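# Just to be clear, the model below is a prediction. Sequence and coordinates:
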Amino acid sequence: MSAEQQPTPDAPNPERKSLDDRAKMTELERIRHSAAHVLATAILRLWPDAQFAAGPPVENGFYYDVDLAHRISPEDFPKIEEEMKKEIKANNTFERIVVTREQALQDSASGRLGGLAERPGNVSKFKIGNLEAIPAGEEITYYRNGDFLDLCAGPHVMRTGNIGAFKLTHVAAAYYKGDEKGPQLQRIYGTAFKNKTALDEYFKMIEEAKRRDHRKIGAEMGLFAIDTEFVGPGMPLWLPKGTVLVEELEKLAKETEFAAGYVRVRTPHLAREKMYKTSGHLPYYADSMFPAIKLALDEKQLAEIDRKIKGLEKKISELDTDIHNIEDKKVVSGITEEDEEGLGEDEFREGNFQQQLDKLMAARENGDRYYLKAMNCPHHHRIFAAEPKSYRDLPLRLAEYGTCYRYEQSGELFGLMRVRSLNMNDAHIYCTEEQFAEEFHAVNDMYLKYFKIFGLEKYQMRFSTHAAEGLGKKYVNEPELWKKTEDMVRKVLIESGINYVEVANEAAFYGPKIDVQVWSAIGREFTIATNQVDFAVPAKFGLTYRDKDNTNKTPLCIHRAPLGTHERFIGFLIEHYAGNFPLWLAPDQVRVITLNDDEALIAYAKGIVNELRANMVRVESDFSATPFKAKIADAEKTRVHTMLVIGGRDMEAGVVSVRLHHGGPQGAKPKAEVVADILASIKERRA
RNA sequence: GCCAGUUUAGCUCAGUGGUAGAGCAGCUCAUUCGUAAUGAGCAGGUCGUCGGUUCAAGCCCGACAACUGGCUCCA
């Protein structure tokens, strides 16, 4: 499975953990880290020339990175596990040995480190790399179990026999020290627990995770389809039932944003090249954008350009002659002040013409170039620019569910969570510095309001700031503005009492940002929403407003997307609710089921259906003669939120029997009460 | 993009070189029932695509594509 093998968010590189952090390793982590050493021992018995890099414990197990000519596949796992069992049965102690750096380098050169014995000619190259990462003055230690000797700061369990239960799970490629350009190693993943019971429980949990997988539930419930053959990978089609989710979310966003003073706009999915050159996204992000759409020029446009080119060429050649004439004159009569000026001017004009000519030639060659938008901000900036703005217009909050296209690498696509076409709950707030704190506060409150509606209890805001050394490179060179905006954001976060962590050197190039991480019910972690401050791009587009003092000023811009994209947010909600959506969101809200197909009964049931439909409730009817238990089973499988099961007794008493997908039979209640309750639950968006 | 694995009916899967199978879903007919599955019948597949080996390929080999799990990336 997925997330469980990922390193924990705050420890992506456990090998760089400080010794203090290491001492804090839990018993389970010690077991897993020890299992990694046992794994290495086993691999060496089978392939003695294997070279090892790092083997830390991770969230749900451990791995060890190995360089080996043999390609390890899951078919090799049983024999590796066999060797591991032998090492565990031998119950060797994990012996800690303190060495000097010289000794460690020597043992790397001889191939002893990360091996069962000396391996002449087979240098422990990755261990040398790891040694270099150990700061001078820090103690260098080995750990040894049986013949296996490894550079390691520990800690470990006492003996290999303390590893209660383990299993190898999968193999993947990984880059040495996470560097894409570095050597690629084979990463063998496994998991280990104190005992067999805990191991079995873990695999049960994995099964549960698979059951809740949004791709599986999405197919079962008919929410979305990904048609790679005709539409393309990463471009989901929203089926009717999935579209219900999309539109309910949009409705929620529109209501919330309307109440918060936003105005809605709509923009095209394409823009000319100039747009992204100006915003700074081209060429830096060109790789993540779909390639340009090139429009060839028609004959009329070509003729017009050719005419202009000819005219320019003529002017340039005339100026050339003039310049030569002047230069000839200089040779004969010496240089006068006047000539000097004339010469400079002509050359300047010639350069100017040449530039125009180059532009025309390029235009002739490239035609018109359009890009699918990968973000909405530039379009919104042009909306800001479309009409003159006064300070009285600010803050201006432009909102749009904008469709963007990003050419994500094929290996990164993942169901609805990582796609190439996405619908963003986007808005850009243009405001003055004085208005900033209040606006940012309001945005945060909106996040919290949404979390409450969806019952998200486990979330974390990740506040990404700049780093001084990146100024002018990774970040716009405005040290004071960085400090000012970061202070403002930090203040808001602290005042709101929000759970957040601050991470340096991860800001956007135009300002600090806050990413919201959430964990789905099965423990998968996602960045679901983003909130960014931009004090750079509005200036690039020359956006200004007329201030009280009658001067033009550039506004600050807040980019915010509290519901992220429909794709990721719905993918997340599917797993969060395991497909059992609350009534307001459920694609199938109500199904009216009759006990049989008696005419009078159907007439009574139809009355209820009609009343609910008239109130915009998504209600279906199942009045067929099929045994009603089968009809209930069908409704349950479809995850219909509320089933109204009606028989002759109900009809006579003017009641309906309610059954909830999440809660079973609720007994009979008066018809009017049931209808009123359904409508209220939807209106209030009850959980 | 990189490494490993996978791809057979709408879905879940069986099928180790000799004429493509099951369950569920679908359609037709019968069934008239008090809270999770009534029965019978019908229909559904160029076995991901292209190429190769073979008398014979779903099965063996190769290339490509998509998907899955990781790695890298994620404005």
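Looks like it came in fine. Numbering: from 1, shown residues only, chains lettered A, B, ... in the order given.

# and the stretch 251-400 of chain A, which of its residues are near RNA strand B?
A:281, A:285, A:288-289, A:374-375 (C-beta under 7 Å from any atom of the strand). Heads up, the C-betas are built off the backbone N, CA and C, glycines and all.

# In ChimeraX, select just the buried ones from those.
Here is the ChimeraX selection string for the buried members of these, based on 16 or more other C-beta atoms under 10 Å:
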select /A:281,289,374,375
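
# Look through the stretch 301-450 of chain A and state the residue closest to RNA strand B.
Nearest residue of the stretch 301-450 of chain A to RNA strand B: A:Gly411, at 2.2 Å (C-beta to the nearest atom of the strand).

# Is it correct that that residue falls within a helix?
Yes. Looking at A:Gly411 with DSSP: H, G, I helix; E, B strand; the rest coil, it is inside a helix.

# Now do the SS call for the closest residue to RNA strand B within the stretch 451-600 of chain A.
At 2.6 Å from RNA strand B, A:Asn596 is the closest residue in the stretch 451-600 of chain A, using C-beta to the nearest atom of the strand. Secondary structure, three-state DSSP: A:Asn596 is coil.

# In the stretch 201-350 of chain A, what residue spans correspond to helices?
Assigned helices in the stretch 201-350 of chain A, in chain order: A:214-220, A:240-259, A:273-279, A:299-333, A:337-366 (criterion: DSSP state H, counting those that start in this stretch).

# Could you dump those helices into a markdown table and include mean neighbour count?
Formatted as a markdown table, the helices of the stretch 201-350 of chain A follow (neighbours: other C-beta atoms under 10 Å):
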| stretch | mean neighbour count |
| --- | --- |
| helix A:214-220 | 18 |
| helix A:240-259 | 16 |
| helix A:273-279 | 17 |
| helix A:299-333 | 12 |
| helix A:337-366 | 13 |
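
# coming back round to it: give the contact list for the residue of the stretch 301-450 of chain A closest to RNA strand B.
Listed by C-beta atoms under 8 Å, 6 or more residues apart in numbering, A:Gly411 has no contact partners.

# And the pLDDT at it?
The per-residue pLDDT reported for A:Gly411 equals 82.

# Report the separation between it and A:Arg418.
Separation of A:Gly411 from A:Arg418 (C-beta to C-beta, to the nearest Å): 10 Å.

# now swap in A:Glu299 and tell me
44 Å.

# and if you look at A:Asp588?
28 Å.

# neighbour-wise, which of those two wins?
A:Asp588 (21 against 18; other C-beta atoms under 10 Å).

# Leaving out chain neighbours, which residue sits closest to that one?
A:Val640 (4.3 Å; C-beta to C-beta, 6 or more residues apart in numbering).

# So that neighbour, which state does it fall into?
Applying three-state DSSP: A:Val640 is coil.

# ok, back up a step: can I get the residues of the stretch 251-400 of chain A next to RNA strand B in JSON lines including distance to A:Thr465 and pLDDT?
Formatted as JSON lines, those follow (distance: C-beta to C-beta, whole Å; pLDDT from 0 to 100):
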{"residue": "A:His281", "distance to A:Thr465": "22", "pLDDT": "81"}
{"residue": "A:Tyr285", "distance to A:Thr465": "21", "pLDDT": "78"}
{"residue": "A:Ser288", "distance to A:Thr465": "23", "pLDDT": "86"}
{"residue": "A:Met289", "distance to A:Thr465": "27", "pLDDT": "89"}
{"residue": "A:Ala374", "distance to A:Thr465": "24", "pLDDT": "92"}
{"residue": "A:Met375", "distance to A:Thr465": "21", "pLDDT": "92"}
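
# ok, what's across the strand from the residue minimising distance to the centre of chain A?
A centroid search over chain A (C-alpha atoms, centre = their mean) returns A:Thr527, at 5.1 Å, as the residue closest to the centre. Taking DSSP bridges as the rule, A:Thr527 bridges to A:Gln517.

# First-to-last residue distance for stretch A:49-62?
22 Å (C-alpha to C-alpha, to the nearest Å).

# Off-centre distance for it?
Relative to the centre of its chain, stretch A:49-62 is centred 26 Å away, using C-alpha atoms, centre = their mean, to the nearest Å.

# buried ones in it?
A:50-62.

# can you tell me the average pLDDT over that stretch?
85.

# Pick out the residue of the stretch 251-400 of chain A closest to RNA strand B.
A:Ser288 (2.8 Å).

# so what's the closest residue to that residue other than its chain neighbours up against?
Closest residue to A:Ser288 apart from its sequence neighbours, by C-beta to C-beta, 6+ apart: A:Arg406 at 5.4 Å. For A:Arg406, the contacting residues are A:288-290, A:374, A:420, A:422, by C-beta under 8 Å, 6+ apart.

# of all those residues, which comes closest to A:Glu132?
Comparing the contacts of A:Arg406 against A:Glu132 with C-beta to C-beta places A:Ser288 closest, at 33.4 Å.

# My guess is that closest one contacts A:Tyr405. True?
No. Look at A:Ser288 against A:Tyr405 with C-beta atoms under 8 Å: they stay out of range, at 9.9 Å.

# any common contacting residues for these two?
With C-beta under 8 Å, 6+ apart as the test, A:Ser288 and A:Tyr405 both reach A:Ala374.

# could the helices of the stretch 201-350 of chain A go into JSON lines alongside distance to A:Asn552 and mean pLDDT?
JSON lines is the format used below for the helices of the stretch 201-350 of chain A (distance: least, C-beta to C-beta, whole Å; pLDDT from 0 to 100):
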{"stretch": "helix A:214-220", "distance to A:Asn552": "48", "mean pLDDT": "91"}
{"stretch": "helix A:240-259", "distance to A:Asn552": "28", "mean pLDDT": "96"}
{"stretch": "helix A:273-279", "distance to A:Asn552": "18", "mean pLDDT": "90"}
{"stretch": "helix A:299-333", "distance to A:Asn552": "34", "mean pLDDT": "72"}
{"stretch": "helix A:337-366", "distance to A:Asn552": "28", "mean pLDDT": "66"}
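
# To A:Phe572, which of those helices lies closest?
helix A:214-220 (7.6 Å).

# what helices or strands is that closest one leaning on?
Helices and strands touching helix A:214-220, by 3 or more C-beta pairs under 8 Å, 6 or more residues apart in numbering; DSSP states H and E, are helix A:566-577.

# Distance check, the residue of the stretch 301-450 of chain A closest to RNA strand B against A:Pro233.
11 Å.

# now do A:Glu387
A:Glu387 is 40 Å from A:Pro233, by C-beta to C-beta.

# Of these two, which one has the most company?
For the pair A:Glu387 and A:Pro233, the greater number of neighbours falls to A:Pro233 (13 against 7), based on other C-beta under 10 Å.

# For the residue nearest to that one when sequence neighbours are not counted, give me the backbone phi and psi.
Spatial nearest neighbour of A:Pro233, chain neighbours left out: A:Leu413 (5.6 Å); criterion: C-beta to C-beta, 6+ apart. The phi/psi pair for A:Leu413 (degrees, to the nearest 10) reads phi -70, psi 140.

# From A:Ala374, how far off is A:Leu413?
For A:Leu413 relative to A:Ala374 (C-beta to C-beta), the value is 16 Å.

# Then A:Ile574?
Counting by C-beta to C-beta - A:Ile574 and A:Ala374 are separated by 25 Å.

# Lovely, talk soon.
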